[in-house]
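A.B. asks: quick one, what's the 3D model for this:
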Amino acid sequence: MATIVSRTKARHRERTQDRAPLTSRLLLILNRSRLGVLSLVEEEAAYGRAILFAPIYMGLGAIFWFKAGSDPPPQAVAAGFLVFAGGFVFGRESGRLLRHLLFAAMLICLGMALAQWESWRVSTTMLDSSVTTTVTGQVERRESYDDGRWRYVVRVEATEKPAIRRSPERVTIFVRKQAQPFELGDRIQGRARLTPPAGPALPGLNDFAFSSYFNGIGANGFAYGAPKLLSPLDDKVRESMLDAADIWLAGLRNSIGDRIRATLPGDTGAFAAALVTDERRAISKDTTEALRIAGLTHIVAISGLNMALSAGIFYVGLRYLFSLFPGVVQAWPTKKFAALGALVTVTAYYLVSGFGVSAERAFIMMAIMLVAVLLDRPSISLRNVALSAIVILILSPSQVLGPSFQMSYAATLALVSGYSLWKRRRHRETIFSRVRLLSPLLFVSRFFGGVLSTSFIGGASTAIFSIEHFHRLATYGLAANLAAMPVVSFVVMPFGMAAMLLMPLGLDGPFWKVTGEGLELVIAIAKTVAGWGGDITFGRQPAWLMPTFIAGFLIMSMLRTRLRHLGLLLSLLSVGAAAFGPGVPKPDLMISEDGVLVALRQDDILATNRERPQAFIFEQWQKALVATEHQPPTILPRDSRLPQISKTDRHRRLSTEEQNAVRKAMEDALDRTMQGSFACQKGAWCVAMLEDGAMLVTIENAAYLPPARDTANIVVTPIRLRLDHCRSGAMLITGATLRQTGSIEMAFTGDKPVVSAAFENPRRPWTRHRTYDWRTDKFGAPIQPASPLSDSAE
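C.D. replies: Have a look, this model is predicted:
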């Protein structure tokens, strides 16, 4: 027995000795990895790049505030900022990690405070419901469309017939077939149909009311006929206006756009005017779509490309002019003079462009870079990009949620980071650089190599943002940019700038002609590349994709040590998981926020209750759900046995015989249509059979409600009924409930449908108008999405 025990102990010691080296090696590897990571972190901290993370933390704070279910208490935000700021300022003896955490928390609170302040500062009054009224106001902006329409931004002075209690301060009004447009500052009056800014087409999609709120637009609408001119802008009114300079600049911008379009007619003139004044709506839909598919829309928008080219052309041209006078170059800092001239140029460009979001961002970035040249500092650096982002977040933190801000800074950050890596590379002299005859070839190869690399970096860095916000990706953008950018750089922008400089002298015509030739070539390239296809549609992506990808992207582009490879790994893993993962579940039933459009989905087919669905809503549904085919409803022949009810006769009650007739007609229509499609009695009602055997009925008149709720499991109507449930147990969705919940989607996965609404609690400043009751002139308690959609009988 003792021998057996001793042998067992010996074997245990041998196994322990065999495992000990492996365990110790693993521990040694982990310890070395930990020390290596800490060493790299210390090396990153030694670079003093904390300023680069400042706009990130401020942006996070703004996002937290905007995405919150209700306004965070301002007192709590201010107290948090003071506490963390005090800890950061007075805790100098704290560890580096703790100080950075305090720094981050302080800036997050600052971002939340800036978002709150912007919301208070804007305080846009949003129209609560659609109304037809007579609007009297003053024209502040105008913009032409390719189909002859005019879009006016009107400062509302009064409304009548009816008078709106909570009248918005500014509205946009579309006017058709107007031979002579109104001038800025004119007082006009006309009958118009006004509607509140649209919410998300589906839960999670873009909320247009959010951008309208921070742009100061409280309603959109169209005029019935041409409004009449009450009085033009006279000198007395001009002197009394606080924004006279703004009106003058807007008038100058309109006159420049009109002159360009008169010199270059058609899409070429609209394209050229868009490059100067940022009025893009005059470009035809075909050309706009071709530019988008080809990945060339960044040329139309006044962004970093336009500002960089205008500043660069003026800067290089002025320095070349100074080089013709060697005495001046030796005696004066001509480099700074050229930078100052370029700064004046981009400032004038920004003022003429109309203060657009992308133009504002590009101007701030370019101004900081030119000021850096004046101060003998590096102009192209991540620090300057961070400073421009901080300025924009201070002025307008709401831009952090917009695709323009995100895509612009993603591309800029990637390009500047790539430029920094390229500068730190080892320079190797080749045989081509020694041969003087090959220098032109070397210049051309470097130029196209630069276009290729910048297009690839810019396109790759913004691809996820394009998929997230627009559900599309242009796959041939690299080829289009290689073909178009030389034309833009060497023809369009130089001659366009010369034309602008010579316009006051009336000598701009020939230069606009050359610019037009270049733009026609760009349009031809766009249409050719668009003809190749390559426009891939993506559905909605998982909610975790953007945060993880952005985190990896920031680590990859902002760090200098080998830790940046972790960012690349995180970005690739997040994209791979989204590409090969299960994806976002798609709904089976979609209802627009006004209740007019209802659709059923089967695979890639959307069946709607409208022969011609609203393009604005339906196209968003198609992109988000990757639905390529539209199935219109089956229109039933008019049945003389059914009651004839006009749209104005909404209070009529059907008799028992009429209700039975309508109920029988609905059941017969359901038998005549396929599952997942609609059959409609035009102007009255539509029926559809769902996958689980349930029946869906949409009605356009409240008189059809009794037979509909007795027949269907789900009843949808755009009419704002006071009812929020059916005694029969049917699910009732009305215009009143949709007003507060916004658009709705349902998935029939179990016994009860899974319902998702665009708004769970419309109490934020840009959604609060949904709970307003004009009868009591008060804001009511929001209806929870589950309440009107309950399928329990009462």
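
A.B. asks: hang on, P613 in a helix?
C.D. replies: No. Applying DSSP: H, G, I helix; E, B strand; the rest coil, one finds P613 to be coil, outside a helix.

A.B. asks: ok, now which ones touch it?
C.D. replies: Going by Cβ atoms under 8 Å, 6 or more residues apart in numbering, P613 touches 597, 599, 630. C-beta here means a position set from N, CA and C on the backbone, and glycine is covered the same way.

A.B. asks: which one (most neighbours) among those?
C.D. replies: A599 (28 neighbours; other Cβ atoms under 10 Å).

A.B. asks: that one: what's it in contact with?
C.D. replies: Neighbouring residues of A599 by Cβ under 8 Å, 6+ apart: 589-590, 606-609, 613, 618, 621.

A.B. asks: which of those fall within strands?
C.D. replies: By the criterion of DSSP state E, membership of the contacts of A599 in strands covers 589-590, 606-608.

A.B. asks: closest one to M58 out of the residues you listed, please.
C.D. replies: Distance to M58 across these (Cβ to Cβ) is lowest for M590, with 36.4 Å.

A.B. asks: ok, the closest one touching A607?
C.D. replies: No. In this structure M590 lies outside contact range of A607 using Cβ atoms under 8 Å: 10.6 Å.

A.B. asks: need the residues touching each of these two.
C.D. replies: The contact sets of M590 and A607 overlap at 599, 601 (Cβ under 8 Å, 6+ apart).

A.B. asks: can I get the contacts of A599 in a markdown table with distance to R92 and pLDDT?
C.D. replies: Formatted as a markdown table, these follow (distance: Cβ to Cβ, whole Å; pLDDT from 0 to 100):
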| residue | distance to R92 | pLDDT |
| --- | --- | --- |
| L589 | 60 | 93 |
| M590 | 57 | 95 |
| L606 | 61 | 93 |
| A607 | 66 | 93 |
| T608 | 65 | 93 |
| N609 | 67 | 92 |
| P613 | 63 | 92 |
| F618 | 60 | 94 |
| W621 | 56 | 94 |
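
A.B. asks: in PyMOL, how would I select the buried members of those?
C.D. replies: For the buried members of these, the matching PyMOL selection, counting by 16 or more other Cβ atoms under 10 Å, is:
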select buried, resi 589+590+606+607+608+609+613+618+621
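
A.B. asks: where does the prediction get shaky in the stretch 1-150 of the chain?
C.D. replies: Residues of the stretch 1-150 of the chain meeting the criterion pLDDT under 70: 1-22, 25, 28, 31, 33-38, 45-48.

A.B. asks: rerun at 50
C.D. replies: 1, 5, 19 (pLDDT under 50).

A.B. asks: looking at the ones in strands among the contacts of A599, which is nearest F103?
C.D. replies: For the ones in strands among the contacts of A599, the nearest to F103 is M590 (44.8 Å; Cβ to Cβ).

A.B. asks: quick check: phi and psi on the closest residue to that closest one other than its chain neighbours?
C.D. replies: Among residues not flanking M590 along the chain, A599 sits closest, at 4.7 Å (Cβ to Cβ, 6 or more residues apart in numbering). Backbone dihedrals for A599, given as degrees, to the nearest 10, come out at phi -140, psi 150.

A.B. asks: now swap in the one 3 residues further on and tell me
C.D. replies: Here is the backbone geometry of Q602 (degrees, to the nearest 10): phi -140, psi 110.

A.B. asks: how about it: what's its closest non-neighbour residue?
C.D. replies: Leaving out its chain neighbours, the residue that sits closest to Q602 by Cβ to Cβ, 6+ apart is G676, at 4.6 Å.

A.B. asks: quick check, that neighbour in contact with E691.
C.D. replies: Yes. With contact defined as Cβ under 8 Å, G676 counts as touching E691 (6.9 Å).

A.B. asks: more crowded one of those two?
C.D. replies: G676 (18 against 12).

A.B. asks: contacting residues for that one?
C.D. replies: G676 sits next to 600, 602, 605, 607, 688-691 when contact means Cβ under 8 Å, 6+ apart.

A.B. asks: what about the strands in the stretch 351-500 of the chain?
C.D. replies: Taking DSSP state E, counting those that start in this stretch, the strands of the stretch 351-500 of the chain run over residues 472-474.

A.B. asks: just the buried residues of the top strand by length along the chain, please?
C.D. replies: Ordering each strand of the chain by length in residues (DSSP E) puts strand 131-144 first. For strand 131-144, a neighbour-count test (16+ other Cβ under 10 Å) marks 131, 133-144 as buried.

A.B. asks: just checking, what packs against that strand?
C.D. replies: Counting contacts by 3 or more Cβ pairs under 8 Å, 6 or more residues apart in numbering; DSSP states H and E, strand 131-144 is packed against strand 150-160, strand 170-175, strand 187-195, helix 244-263.

A.B. asks: C726 against V716, yeah?
C.D. replies: No. If you go by Cβ under 8 Å, C726 and V716 don't touch, sitting 11.9 Å apart.

A.B. asks: neighbour count winner among those two?
C.D. replies: Counted by other Cβ under 10 Å, C726 and V716 do not tie: V716 has more neighbours, with 26 against 22.

A.B. asks: isn't the more buried one right up against V697?
C.D. replies: Yes. Shown here, V716 and V697 form a contact pair, counting by Cβ under 8 Å, at 7.4 Å.

A.B. asks: what's near enough to touch the nearest residue to S123 once chain neighbours are set aside?
C.D. replies: Leaving aside its chain neighbours, S123 sits nearest to P765 (7.5 Å; criterion: Cβ to Cβ, 6+ apart). When contacts are counted by Cβ under 8 Å, 6+ apart, P765 touches 71, 119, 123-124, 213.
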